[in-house]
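**Student:** quick one, structure for this:
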Amino acid sequence: MKNTIISKAPARICLFGDHQDYLGLPVIACAIDKYITVEGEFNSDILLNFNLIDLNKEVCINVNEDLIVIKKGDHIRAVIKTLRTFGCYVNSGMDIKVQSDIYINAGISSSSALTVCLVYFFIKAFGINREINNELIAEIAYRSEVIEQGGSGGKMDQYSIAIGNTIFLETGSRFSYKKIDSGFSSFIIANSGIEKNTDGVLKELRNKATDAIGKVQKFNSKFDILKCKNENIEDYSNILDNESFVYFKAALENHHVTLKALKEMENSNTSTKVLGELMNLHHNILKNKLKITVPKIDQMIDAANLAGAYGSKIVGSGCGGSIVAVSSINNEEKIMKSILEAGAIDVSRVKISKGIF
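**Tutor:** As a prediction, this is how the structure comes out:
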């Protein structure tokens, strides 16, 4: 066992594919250079003493707890329990500090960053009975946050944070990922200050989308959402009620936007202006069909675009949280000022991160 252990994990932004990973559809996401840090030293006790600096909170956990029942949102205990199933046993006391510059409950995955960071921290401290790589850390974090705690999301957050860079993530049964060059050198992110109900929003929209897709599959047992083309979407309007068709169409349109963005990113001469236009298209679907924006978010988006952003969109589950905007570097200061004037409580220029370390 090592004496002092430090791990860091970045925030993430979803560039294309919000509300897609829980449907088994692909996403494009990237890690950004805002970090959570977990630092600790071993003590002579059997207690894990956590100082959550940003929350002004302390948590004490006996390493011998059975952890049979864990409350939702107790990420620390969920990580420790899940690690046991992978052969990593947190069996000695530590004094641990947790601090972050990631916006909390604002759509850039502060909770997933904490989970990934804790997984890596404890693996560094106590070892594990298998080869350590970023995919392993991501999978443990996913099982801890989504499977163990019954979360409503998919794998995007944990994998994009642990792997870093920009990734195209196939989230369905053919699960895979590949690193890509997004074509962006930097982003503007801005926090509205409006807290989200992440699980509530995700659960509601997931249920509506999966219900609509299920109705289509009952009508056509061979229907495959991954193979449905844009020109075929309207074919299903007659078998779905109006509300179901809205969510069905939104899922497919967002999927097609993601594939167009991937194609542009893989172009040898990637156009950030084209990607910005696709980002606006994606946001309009999220706003007008899934209805996950709020007035302040709308004002921030409008301000960014009027100030010259190539594109901007809400980030995360929605109904609050943050936005991301892309532009030329020489126009970023003007856009950031406009977003602040529109009501944002914080605006930052961020770059792509290489992931956990």
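
**Student:** report all helices and strands that the helix or strand S7 falls within contacts.
**Tutor:** Counting by DSSP states H and E, the element that carries S7 is strand 4-16. With contacts defined as 3 or more Cβ pairs under 8 Å, 6 or more residues apart in numbering; DSSP states H and E, strand 4-16 has these neighbours: strand 27-42, helix 110-126, helix 156-163, helix 242-265, helix 272-288. C-beta: built from backbone N, CA, C; applies to glycine.

**Student:** for V201, which of the ones you listed is the nearest?
**Tutor:** Smallest distance to V201 across the helices and strands packed on strand 4-16 (Cβ to Cβ): 11.2 Å, for helix 272-288.

**Student:** packing partners of the lowest-mean-pLDDT helix or strand in the chain?
**Tutor:** For the chain, scoring each helix and strand by mean pLDDT, DSSP states H and E identifies helix 198-219 as the least confident one, at a mean of 87. Helix 198-219 sits against helix 242-265, with contacts defined as 3+ Cβ pairs under 8 Å, 6+ apart.

**Student:** just the buried residues of the helix it packs on, please?
**Tutor:** 244-262, 264-265 (16 or more other Cβ atoms under 10 Å).

**Student:** which residues touch V116?
**Tutor:** Residues in contact with V116 (Cβ atoms under 8 Å, 6 or more residues apart in numbering) are 9, 137-138, 141, 158, 161-162, 356.

**Student:** can you pull the contacts of the residue positioned nearest the centre of the chain?
**Tutor:** Taking Cα atoms, centre = their mean, the centroid of the chain lies closest to D157, which sits 3.5 Å from it. D157 sits next to 12, 29, 109, 112, 145 when contact means Cβ under 8 Å, 6+ apart.

**Student:** quick one: which of those is nearest to R130?
**Tutor:** Among these, E145 lies closest to R130 (Cβ to Cβ), at 19.9 Å.

**Student:** helix, strand, or coil at E145?
**Tutor:** helix (DSSP: H, G, I helix; E, B strand; the rest coil).

**Student:** adjust the sequence numbering to begin at 14 for everything that follows.
**Tutor:** New numbering, starting at 14: the last item is E158.

**Student:** mind checking pLDDT for the closest residue to it other than its chain neighbours?
**Tutor:** Nearest residue to E158 in three dimensions, chain neighbours excluded: T128, at 4.8 Å (Cβ to Cβ, 6 or more residues apart in numbering). For T128, the model assigns a pLDDT of 98.

**Student:** any idea how far K216 is from T128?
**Tutor:** 19 Å (Cβ to Cβ, to the nearest Å).

**Student:** and if you look at L303?
**Tutor:** Counting by Cβ to Cβ - L303 and K216 are separated by 13 Å.

**Student:** who has more neighbours out of those two?
**Tutor:** L303 (22 against 17; other Cβ atoms under 10 Å).

**Student:** mind checking what secondary structure the more buried one has?
**Tutor:** coil.

**Student:** now do the same contact list for the nearest residue to it once chain neighbours are set aside.
**Tutor:** Computed as Cβ to Cβ, 6+ apart, the closest residue to L303 that is not its neighbour in sequence is A263, at 5.5 Å. Each residue near A263 by Cβ under 8 Å, 6+ apart is listed here: 32, 222, 298, 302-303.

**Student:** just to revisit the earlier point, need the helices and strands packed on strand 17-29 in TSV with distance to H88, can you?
**Tutor:** Below are those laid out as TSV (distance: least, Cβ to Cβ, whole Å):
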stretch	distance to H88
strand 40-55	11
helix 123-139	5
helix 169-176	12
helix 255-278	28
helix 285-301	27
